[in-house]
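Enquirer: no sequence on this one, just coordinates:
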């Protein structure tokens, strides 16, 4: 059994300061929490995109009531959806994955009503699924927003996420929560890590200090100085199912902020990966995620620059912009908590930026850590606590990794070597070769699609599957649509009425959304004191 009073967080950034915030706010009083980070920290991030779980985390650390302050100080905007374009094929028209639950009240067979519509009217574009099943898509499509009650089914508390500057996010947590509430802050570089009996004995800093702790939290990013380098914990490579390993990132000035600011993260597939485009209050954050197995870093940068120019995304001279190259370590350590070291964030594992999962893994893993060392179990931890944590977080990581991989496995693009390779990978077999044969999410998706004929309401496949033209064709649905032509059962009238309801309600939502404030006006008035001015960096 290990005592747990002194906790040292090694590394800052979003992961480090989220960890410090979570521990200082959710552990019982009396713990000594220290964050040690390098003094050489970037002052401006390129932009961070989150998913709905960020709202739950903000609520859990009692920051939901300070949303206005939070958004203002992190250069933030509101996010209701993720948009994907050209992932299925070039020129596919794109589709959305909104947050929250699909609206099934009044439907005949849940989300399957839309699949019947698609079968009866094959020309229906896949983007229609989100428009008809998620109320907030009316605002996304109209580029308007409100947090007031309307007849659009939209939960302000739970159906939104955020865009913000990741560096400002960390500074906000440090200055408004951590330091005022007692987190000790040390600026120094790690010079050496001394191990003993398979654990970290002490961390030696370049200021001469030798640091010990009951529990070290490794937030040192891809370097993974404690868990990976010092303890040499095995790393499980996920490149067999996730092709990308590099990114170029930049900041783009708006051309017309009032018109361009929107409510979603844009993901646009490219020849060797995909580009993200994130609207912050002052600028776009953008990047090209790619695999350098198919294109050199230099050529990828040129492709990215040419893309920005072609799309006419910015008022700036693209060749004069600053571009940062990022090398990604895709996969996870076999165990994220070993002896007295627990890794959170990139130090433990990373999937890739698609589906905005970076901070998701941070707050979800922190939830599991607090379960293990908080509440009535605070003050000590055991091997069983470590095992439970490792089992839970690796299961969540694997599930999300498989979901992200399906954005590639379901693609029908074959226009470059990159996409042809993605098409030819046997994801079922690769998953098992990676040591995950107990539960194969790819095989599981076949069963649910073809036998059960539906997805769970919380699942991303609700939107990704139709968007990638992977439509449910279960025996039950095929029989029902065949029976539509049977006048004795009057199925035709039944299904036409169901489809009419879908069309009518989305039209009603759309009419309401058109009358709301623009996205820009709402964010300006709600979070930035009604001022159009941009504060210089």
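Expert: Right, received. Where do you want to start? Here the structure is a predicted model, which is why all the values come from computation and not from measurement.
Enquirer: Excluding sequence neighbours, find me the nearest residue to the residue positioned nearest the centre of the chain.
Expert: The residue lying closest to the centre of the chain (Cα atoms, centre = their mean) is residue 356, at 2.2 Å. Ranked by Cβ to Cβ, 6 or more residues apart in numbering and with sequence neighbours excluded, the top spatial neighbour of residue 356 is residue 49, at 4.1 Å. To be clear about C-beta, it is placed using only N, CA and C from the backbone, and glycine gets the same treatment.
Enquirer: what pLDDT does the residue nearest to the centre of the chain get?
Expert: Among the per-residue scores, residue 356 holds a pLDDT of 85.
Enquirer: Next up, the contacts around it.
Expert: If a contact means Cβ atoms under 8 Å, 6 or more residues apart in numbering, then residue 356 has 49, 50, 51, 82, 161, 265 as its contacts.
Enquirer: out of the residues you listed, who's nearest residue 526?
Expert: Comparing these against residue 526 with Cβ to Cβ places residue 161 closest, at 15.8 Å.
Enquirer: Specify the beta-bridge partners of the closest one.
Expert: Counting by DSSP bridges, residue 161 is bridged to residue 79.
Enquirer: my read: it touches residue 99, true?
Expert: Yes: with contacts counted by Cβ atoms under 8 Å, residue 161 reaches residue 99, the gap being 6.1 Å.
Enquirer: Give the residues shared as contacts by these two.
Expert: Counting by Cβ under 8 Å, 6+ apart, the residues touching both residue 161 and residue 99 are 51, 52, 79, 80.
Enquirer: Who are the contact partners of the last one?
Expert: If you count contacts by Cβ under 8 Å, 6+ apart, residue 80 has them with 98, 99, 136, 137, 139, 140, 145, 159, 160, 161, 263, 264.
Enquirer: my guess is residue 412 is in a strand, correct?
Expert: No: note on residue 412: no strand contains this position according to DSSP: H, G, I helix; E, B strand; the rest coil, which reports coil.
Enquirer: Count the neighbours of the closest residue to it other than its chain neighbours for me.
Expert: Distances taken as Cβ to Cβ, 6+ apart place residue 89 nearest to residue 412, at 5.4 Å, with adjacent residues excluded. Residue 89 has 16 neighbouring residues, counting by other Cβ atoms under 10 Å.
Enquirer: repeat for residue 16
Expert: Neighbours of residue 16 (other Cβ under 10 Å): 28.
Enquirer: any idea how far the nearest residue to it once chain neighbours are set aside is from residue 334?
Expert: Of all residues not flanking residue 16 in the chain, residue 219 sits nearest, at 4.0 Å (Cβ to Cβ, 6+ apart). Counting by Cβ to Cβ, to the nearest Å, the gap from residue 219 to residue 334 is 19 Å.
Enquirer: so who does residue 326 touch?
Expert: So residue 326 contacts 246, 247, 248, 249, 287 (Cβ under 8 Å, 6+ apart).
Enquirer: quick one, phi/psi of the residue nearest to residue 448 when sequence neighbours are not counted?
Expert: In space, and not counting its chain neighbours, residue 448 is closest to residue 455: 6.5 Å by Cβ to Cβ, 6+ apart. Main-chain dihedrals, residue 455, degrees, to the nearest 10: phi -110, psi 150.
Enquirer: count of neighbours near residue 455?
Expert: Residues lying near residue 455 (other Cβ under 10 Å) number 22.
Enquirer: next one: residue 492
Expert: Residue 492: 14 surrounding residues under other Cβ under 10 Å.
Enquirer: For it, which three-state class applies?
Expert: Classified using three-state DSSP, residue 492 is helix.
Enquirer: Does residue 159 touch residue 99 like I think?
Expert: Yes: using Cβ under 8 Å, residue 159 is in contact with residue 99, at 5.0 Å.
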